[in-house]
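S.K.: Got a sequence here, can you build the structure:
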Amino acid sequence: MSENNKRTEIGDLGEFGLIDRLTKDVKIKHKTTAKGVGDDAAVFDYGGDEYTVLSTDILLEGIHFDLSFMPLQHLGYKAIAVNVSDIAAMNAIPEQVTVSIAVTNRFSVEAIEMIYEGINAACENYNVDLVGGDTTSSRQGLCISVTAVGRVKKDKISYRSGAKKGDILCVTGDLGGAYMGLQVLLREKTVFEANPKMQPNLDNYQYVAGRQLRPEARTDVIHELDELGVVPTSMIDVSDGVASEVLHICKASNVGAVVYEDKLPIDQDTFDVAHEFKIASKTPALNGGEDYELLFTIKQEDFSKLEKNANVFFIGYIDEAENGARLFTEGEQTLPLTAQGWKHF
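M.R.: Sure thing, here's the model as predicted:
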């Protein structure tokens, strides 16, 4: 094969390398496009004092979910939540969603209605309107694509690119639960496949299983930040693991960072399940993904406004770019911060 016809494997580039390659020649043609590719959502300026933000995401059977343990109602709910999370990551409030779904003939009308029960429940919870979408057939598997739209005051929008040296690195909620929930669900599936008489037992794993099956977008924190007068200097949602998201902020903002391992918030249930699986609890906290918490930076002068907030944990700070992103371990070692989270290809 000649050099001109050289085949590049998608896995060699990875998701973000592929995006960079596919979008490197994209040119913005309209002044209403304030931000295109490169953040949690696109940003549009239609005049006035607000931006419109838009994000879209796909959930594909066999890749993003397994129907052997994912209830259809939870799947519908999660499809909305993960997209609403992208809107929240811009410090914006979601208002509308569209839902497109492709199904095979193995799904009954009643099954699809169950998915929409979850979709409608999420729309009610996040106060968003379901305003359209598309329905089509699929030759194999189930696919759900959601587009979410929201709004934010122009002086309150948060991009990945706004972090500055000295900013404090914050995260909402606790980390690693979704990953450990997935490990439990996969184990129970394996047991059931080996012996169908052994029914799954999730009584002791309700918290971590729930973090995986029915995550919540942290729109509540967006409202709290607004009430406290705090505008994050940068923000991203934790979909691929907090280490990966810190690196995204560092790259977009051209900064370095220090993350303190002992400051990572881990729920006791997550800790216990990790111990059961003989996994160091900090590993899923750093690299697990699908927690859909918010990772953001604030100016030092805003610390006093958030220091007693039960939803916010301070895990590090922003440093100079030449120092890179580093992890300060519980053993007081300083190591390069690496991303080992979800890989799409």
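
S.K.: Domains in this structure, by residue range?
M.R.: 40-156, 160-336 (automatic domain parsing).

S.K.: Show me where the stretch 51-200 of the chain has its strands.
M.R.: For the stretch 51-200 of the chain, the strands defined by DSSP state E, counting those that start in this stretch cover 93-103, 129-137, 143-153, 168-172.

S.K.: after the helix or strand of the chain with the lowest mean pLDDT comes which helix or strand?
M.R.: Every helix and strand in the chain was compared by mean pLDDT, DSSP states H and E; the lowest is helix 10-23, with a mean of 68. On the C-terminal side of helix 10-23, the closest following helix or strand by DSSP states H and E is strand 33-35.

S.K.: Quick check: chain neighbours aside, which residue is closest to Thr33?
M.R.: Phe44 (6.3 Å; Cβ to Cβ, 6 or more residues apart in numbering). (Each C-beta comes from the backbone N, C-alpha and C, glycine too.)

S.K.: Sorry, slip of the keys, the one I care about is Gly173.
M.R.: Glu293 (4.3 Å).

S.K.: What of Phe303?
M.R.: Closest to Phe303 by Cβ to Cβ, 6+ apart is Ile168, at 5.9 Å.

S.K.: Tell me if I'm right that the one you found and Gln300 touch.
M.R.: Yes - look at Ile168 against Gln300 with Cβ atoms under 8 Å: they come within range, at 6.2 Å.

S.K.: More neighbours: those two, which one.
M.R.: Ile168 (20 against 10; other Cβ atoms under 10 Å).

S.K.: got a list of what that one touches?
M.R.: Thr297, Ile298, Lys299, Gln300, Asp302, Phe303, Phe314, Gly316, Tyr317, Ile318 (Cβ atoms under 8 Å, 6 or more residues apart in numbering).

S.K.: buried subset of the residues you listed?
M.R.: Thr297, Ile298, Asp302, Phe314, Gly316, Tyr317, Ile318 (16 or more other Cβ atoms under 10 Å).

S.K.: which among those residues gets closest to Thr98?
M.R.: Closest approach to Thr98 among those (Cβ to Cβ): Thr297, at 31.3 Å.

S.K.: What helix or strand is the closest one located in?
M.R.: strand 294-298.

S.K.: How far off centre is that strand?
M.R.: 13 Å (Cα atoms, centre = their mean, to the nearest Å).

S.K.: Next: stretch 215-232.
M.R.: 16 Å.

S.K.: ok, residues contacting that stretch?
M.R.: Taking Cβ under 8 Å, 6+ apart as the rule, stretch 215-232 contacts 78, 81-82, 84-85, 88, 91-94, 126, 155-156, 158, 162, 170, 172-173, 178, 237, 290-294, 296-298, 302, 305-306, 309, 311-312.

S.K.: repeat that with 6 Å
M.R.: Outside of stretch 215-232, the residues within contact range by Cβ atoms under 6 Å, 6 or more residues apart in numbering are 81, 84-85, 88, 126, 156, 158, 172, 292, 294, 296, 298, 302, 305, 311.

S.K.: among these, who's most crowded?
M.R.: Ala88 leads the contacts of stretch 215-232 on contacts (other Cβ under 10 Å) with 32 neighbours.

S.K.: tell me, what residue is most central in this protein?
M.R.: Nearest to the geometric centre of the chain sits Ser239, at 2.5 Å (Cα atoms, centre = their mean).

S.K.: Let me see the contact set for Ile28.
M.R.: Gly36.

S.K.: ok, it to Gly48 distance?
M.R.: 20 Å (Cβ to Cβ, to the nearest Å).

S.K.: still on that earlier bit, just name the most buried of the strands of the stretch 51-200 of the chain.
M.R.: strand 168-172 (a mean of 24; mean count of other Cβ atoms under 10 Å).

S.K.: how distant is it from the center of its chain?
M.R.: With Cα atoms, centre = their mean, you get 15 Å for strand 168-172.

S.K.: wait, isn't Val53 in contact with Gly150?
M.R.: Yes - with contact defined as Cβ atoms under 6 Å, Val53 and Gly150 form a contacting pair (5.0 Å).

S.K.: Now for these two: what residues contact both?
M.R.: Contacts common to Val53 and Gly150, judged by Cβ under 6 Å, 6+ apart, are Ile87, Ala92.

S.K.: For Leu306, give its distance to Tyr292.
M.R.: From Leu306 to Tyr292 the distance is 20 Å (Cβ to Cβ).

S.K.: correction: Glu110
M.R.: From Glu110 across to Tyr292, the span is 29 Å (Cβ to Cβ).

S.K.: same check, this time on Phe65
M.R.: 14 Å.

S.K.: Same question for Ile144.
M.R.: 16 Å.

S.K.: one step back: which ones are touching the residue nearest to Gly173?
M.R.: Val171, Thr172, Gly173, Val238.

S.K.: Out of the residues you listed, which is nearest to Lys6?
M.R.: For these, the nearest to Lys6 is Val238 (36.0 Å; Cβ to Cβ).

S.K.: I'd say the closest one and Gly288 touch.
M.R.: No - with contacts counted by Cβ under 6 Å, Val238 stays clear of Gly288, the gap being 8.9 Å.

S.K.: higher neighbour count, the two?
M.R.: Gly288 (30 against 27).

S.K.: Ramachandran angles for the more buried one?
M.R.: phi -70, psi -50 (degrees, to the nearest 10).

S.K.: What of the one 5 residues further on?
M.R.: Summarising the backbone geometry of Glu293 under the convention degrees, to the nearest 10, its torsions are phi -80, psi 170.
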